[in-house]
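A.B. asks: Prediction below, plus the sequence it came from.
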Amino acid sequence: MLLGNYLQLVYDAEKEAVKAFNRVADKHGDEPDVYQTCQLLASWSEAHISDIQPELQLYPAKPDTTAEKLERVMFDNNEKGSFALLRDLHDLWLLATEIDICWTIIRQAADGLRDKELKDLCTKLQKGTERQIAWLQTRVKQAAPQTLIVGV
Amino acid sequence: MKQTRDSIADIWGERTPYFDEQWPERVDERVTEEPDNWIQAACVLCSAGCGLDIGVKDGKMVGVRGRSVDAVNRGRLGPKGLHGWIANNSKDRLTRPLIRRDGELQEASWDEAMNLIVAKSKEIIDKHTSLGIGFYTSGQLFLEEYYTLGVIGKAGLGTPHMDGNTRLCTATSAAALKVSFGSDGQPGSYSDLDTANVIMHVGHNIASQHTVLWMRILDRLAGPNPPKLIVIDPRKTYTAEKATVHLAPKLGTNIPVLNGLLHILIKENLINPGYIAAHTVGFEELKNIVAAWHPQRVEEVSGVPEHLLYEAAMLLGKTNTLVSTVLQGVYQSMQATASAVQVNNIHLIRGLIGRPGCGIYQMNGQPTAQNTRETGADGDLPGFRNWGNKEHINELARLWNVEPDTIPHWSPPTHAMQIMRFAETGSIKMLWVSATNPAVSMPELARMRKLLTRDGLFLIVQDAFMTETAQMADVILPAAIWGEKTGCTTNVDRTVHICHKAVEPPGEARSDLDIFIDYARRMDFKDKDGAPLIKWNTPEEAFEAWKECTRGRPCDYTGMSYAKLTGGSGIQWPCNEKYPDGTPHLYTNGVFPTAADYCESYGHDLDTGAAQTPDEYRLIDPKGKAFLKAVDYQLPHEVPDQDYPLWLTTGRVVYHFHTRTKTGRSKELCNAAPDAYVQLSAQDAVKYGIKDGDMVEISSRRGSVIQPAMVGDIEPGIIFIPFHYGYWDNNSRSRAANELTLTEWDPVSKQPHFKYAAVRIRKAVAQDDEEAQAALKHMEEVITNNFKMEGA
């Protein structure tokens, strides 16, 4: 069974999300809503991590067949300012969307296994991920015109 | 000089006890000379909206008297209303435009000033589009002026960067009404106070902030069947002293207390299941969230004793009429919108809405805050239209005869705090401030001063006085104010009043309406057919244009006219063919403006502020049912620690309004409350070695101020500083409360958090300069004469 590998994947991605949200909060601390909200959203991913842990005990990942860990160049700028903010929010959205599809995939397996607990967990955690994505969408939409048109 | 009562010494005046009848008349009057004639208007020194007449003699304002015919006040006026008008006659009014040349503000002609603004606008639009231009207006102008400004911003320039200082005082009111009911618009009427059995004030020191509404409650308390009062406020205010139950939560814990009240109501089955089923959605989710807030947990988090919470819940749960009022203790705190919504929820789950005696007043701070919101001068779309609804955009485009894409609607309008942030980064290059004073009223003033004086920011200030903000301007436009121009104001219970022009403005000062129209003409804003975009020249023509904009919307003005508003009482909207005399209560049939094609907002995540998309909303379209929404508690972002061990909270005092631009120019109001102060508990006074009247230095991570101490009537660990006092009349020490406050805001309403910050205090080193000594002496008088009585 390879379910554990996907649980591991989403577990790693949520860990990355905690780091990423906190990093964006610190880096763009001059944008007060980004500072506050990214910290809040990091705390949600933190909670997700502890919720996933017991499931990973139940369905451990198979070491030899581990799907490739999430790897891409994200958060690669050290700049501050509105353009860097837009890029960082964009990357957070990619990361959160990755997590979102993980929940969809795991949920399918949970259905097949008739594992009610895992199904409920997927529903609950996916809801949190969707709320993270919704905020990122809202904030990106707000920042985009000013950043791309006026450009300061 | 003639006055019917001394409102400084006795704020609320004589009682006229009553119950379940029309509130008896009592006409309050104060004139310096006998007027030749009286001109109808309404008071603009709080959001109650009292009808008054302005006394005029030889073309000069000489006093005011309350209008006995007016449903709002039945002749009464508060101390600010009776005294504040004198500011119109001040010697230091701005009377000519000023332009900064070589660093100095110099007199200029209107042509020079307006041409400069137009040249600057065009230069910015050329290089950066109109996204380089922002407007920050007020809750003090008239409806006609806001609507004109709104049309200029949305259909002329096409910039989303427009907001009012209503963001600081009333944004949460609008947001909470939208969350619960689908649209802004206060459900109740002040007449509900005449019969309500229970009245609840949440974070609202009504005795001080809305003195005339408080007179109405005092008259009920003195009459037969007096109402029971529930007051939720961390300070023992005069309002709290009259309470049947006073809950004094720790700062930042409104959500636990309100969730706790809902918890008890649901657990004890003191709800109206029929109403919930027929008229609301979301009850199960609400129930799940408040289930965790049993009274013991509420006590642990908020400090409100279990038995008091229970007592309050029993009053709420067993009454068949209830009026609730909400103000800055909620709006300027953490989780503001979510908390204000909890009050709506109490009414909804008990079915106490839409009939006499059952009112929710999500109070406004300012006299025309409601108009800023209705007309779109706060960035929302006029007529409570939904920026996410394409058909609403098309309606406006047809009305204004412009292309729909002219109107910025790609994302939410830019809120004031974000406008300031764009000015700080240099992204907004021209900021036009009208009738407000951000250099004193915004949070974190050091940051504010820096961004307002930033190189490359062209700052226009349109005001009647040389405020702290005006001093930093590149161009100053002298404005006519209330009494010197005609226009309408709409108060908290949707009552529309007309304010007629009583006297000529001083010097070359012009009405805000004339200034905005002049700008539109010089900018040559046109509609699709090449006709001028702004098709009106007078206030009455602007009002008629506005009426068309409201047709079929919740705030329908189509049944009103200047003639109808003149002579009698104010009229409550909606007023149209169906309701020619106006409407005291909204939602009488339990149908709310939540339908997807009608609602003002598609909703937000109350924790993050994420906007729900139109498609998401259509899936859950409640088609006229109200929303029950709840959130769990979040700790405030800044809490006291070792370095900054005390909580600071800020607020108003009864004798002043805003940054005292008007009230500070009345000798009597000024003498009654001459200076800022810091209120602290007796325990903290001992702990820090501070005596009544000592000068105290208060510091936060953002700045520091020095204030004389007033000891008592506040919980240990909390200190209070009134926010009115800036620098225009006293520059001798750092004293504006907002030097200390935080730059952060509610995720939904975007209203800043003025009600908490971590601070430290110490006795200030002895100061012998004369001004500080004079301030100290004033304060001693204040402490003994006034504030103790008010319980501020």
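C.D. replies: The structure has been received and is ready for your questions. What you are looking at is a predicted structure, and each value in this text was computed from that prediction instead of being measured.
A.B. asks: which ones are touching the closest residue to chain A within the stretch 451-600 of chain B?
C.D. replies: Per C-beta to the nearest C-beta, the residue of the stretch 451-600 of chain B with the smallest distance to chain A is B:Gly456, at 9.5 Å. Where C-beta positions appear, they are placed from N, C-alpha and C, glycine not excepted. Going by C-beta atoms under 8 Å, 6 or more residues apart in numbering or on different chains, B:Gly456 touches B:Gly426, B:Lys429.
A.B. asks: May I ask which helix or strand encompasses it?
C.D. replies: According to DSSP states H and E, B:Gly456 maps onto no helix or strand at all.
A.B. asks: tell me the contacts of the residue nearest to A:Lys124 when sequence neighbours are not counted?
C.D. replies: Once flanking residues are discounted, A:Lys124 sits nearest to A:Asp51: 7.6 Å by C-beta to C-beta, 6 or more residues apart in numbering or on different chains. A:Asp51 makes contact with A:Leu121, A:Lys124, A:Leu125, according to C-beta under 8 Å, 6+ apart.
A.B. asks: ChimeraX command to pick out the buried ones of the residues you listed?
C.D. replies: Listed next is the ChimeraX selection for buried residues among these, using 16 or more other C-beta atoms under 10 Å in any protein chain shown:
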select /A:121,125
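A.B. asks: Return the closest of the contacts of A:Asp51 with respect to chain B.
C.D. replies: A:Lys124 (12.2 Å).
A.B. asks: Low-confidence ranges, chain A, go.
C.D. replies: In the prediction, chain A carries residues with pLDDT under 70 at positions A:64-73.
A.B. asks: please redo it, this time with the cut-off set to 90
C.D. replies: A:1, A:61-80, A:151-152 (pLDDT under 90).
A.B. asks: On the three-state scheme, the spatially most central residue of it is what?
C.D. replies: Centroid-nearest residue in chain A, with C-alpha atoms, centre = their mean: A:Ala96, separated by 3.2 Å. Three-state assignment for A:Ala96 (DSSP: H, G, I helix; E, B strand; the rest coil): helix.
A.B. asks: Cross-check the contact I'm expecting between it and A:Gln126.
C.D. replies: No. Counting by C-beta atoms under 8 Å, A:Ala96 does not reach A:Gln126; the two are 11.0 Å apart.
A.B. asks: Give the phi and psi angles for B:Val639, as a check.
C.D. replies: The phi/psi pair for B:Val639 (degrees, to the nearest 10) reads phi -120, psi 150.
A.B. asks: How much space separates B:Phe627 from B:Glu638?
C.D. replies: Noted for B:Phe627: a distance of 31 Å to B:Glu638, by C-beta to C-beta, to the nearest Å.
A.B. asks: One more: B:Asn205?
C.D. replies: Applying C-beta to C-beta, the value for B:Asn205 to B:Glu638 is 23 Å.
A.B. asks: of B:Phe627 and B:Glu638, who's got more company?
C.D. replies: Shown here are B:Phe627 and B:Glu638; by other C-beta atoms under 10 Å in any protein chain shown, B:Phe627 has more neighbours (23 against 20).
A.B. asks: which bits of chain B sit near chain A?
C.D. replies: Listed as neighbours of chain A in chain B under the rule C-beta under 8 Å from any C-beta of the partner chain: B:128-129, B:131-132, B:410-412, B:414, B:417-418, B:421-422, B:424-427, B:605, B:607-612, B:634, B:637, B:743-745, B:747.
A.B. asks: Those in helices, which ones?
C.D. replies: Using DSSP state H, the subset of the residues of chain B next to chain A located in helices is B:His128, B:Met417, B:Gln418, B:Arg421, B:Phe422, B:Glu424, B:Thr425.
A.B. asks: Scan the residues you listed and report the most crowded one.
C.D. replies: Neighbour counts for those, by other C-beta under 10 Å, peak at B:Gln418, which reaches 26 neighbours.
A.B. asks: mind listing what that residue touches?
C.D. replies: By C-beta under 8 Å, 6+ apart, B:Gln418 lies in contact with A:Gln142, B:Lys750.
A.B. asks: before we move on, the earlier item: for the residue of the stretch 451-600 of chain B closest to chain A, report the pLDDT, please.
C.D. replies: Note on B:Gly456: pLDDT of 95.
A.B. asks: So it versus B:Ile698, what's the distance?
C.D. replies: In this structure, B:Gly456 and B:Ile698 are 34 Å apart, going by C-beta to C-beta.
A.B. asks: Kindly report the same for B:Gly609.
C.D. replies: For B:Gly609, the distance to B:Ile698 - C-beta to C-beta - is 31 Å.
A.B. asks: same deal with B:Met363?
C.D. replies: Distance from B:Met363 to B:Ile698, by C-beta to C-beta: 28 Å.
A.B. asks: So between those two, which is more surrounded?
C.D. replies: The residue with more neighbours, out of B:Met363 and B:Ile698, is B:Met363; 29 against 25, by other C-beta under 10 Å.
A.B. asks: Narrow the residues of chain B next to chain A to those that are buried.
C.D. replies: Buried among these by 16+ other C-beta under 10 Å: B:128-129, B:131-132, B:411-412, B:414, B:417-418, B:421-422, B:424-427, B:605, B:607-612, B:637, B:743-745, B:747.
A.B. asks: May I ask which helix or strand of chain B has the lowest mean pLDDT?
C.D. replies: helix B:788-790 (a mean of 43; mean pLDDT, DSSP states H and E).
A.B. asks: before we move on, back to that, could the contacts of A:Asp51 go into CSV alongside distance to B:Asn272 and secondary structure?
C.D. replies: What follows is the contacts of A:Asp51, written out as CSV (distance: C-beta to C-beta, whole Å; DSSP: H, G, I helix; E, B strand; the rest coil):
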residue, distance to B:Asn272, secondary structure
A:Leu121, 36, helix
A:Lys124, 31, helix
A:Leu125, 35, helix
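A.B. asks: Can you tell me which of the contacts of A:Asp51 comes closest to B:His656?
C.D. replies: Nearest to B:His656, judged by C-beta to C-beta, of the contacts of A:Asp51 is A:Lys124 at 49.9 Å.
A.B. asks: and that closest one, how far is that from B:Gly603?
C.D. replies: Per C-beta to C-beta, A:Lys124 is found 21 Å from B:Gly603.
A.B. asks: Same question for B:Glu104.
C.D. replies: When B:Glu104 is compared with B:Gly603 (using C-beta to C-beta), they lie 51 Å apart.
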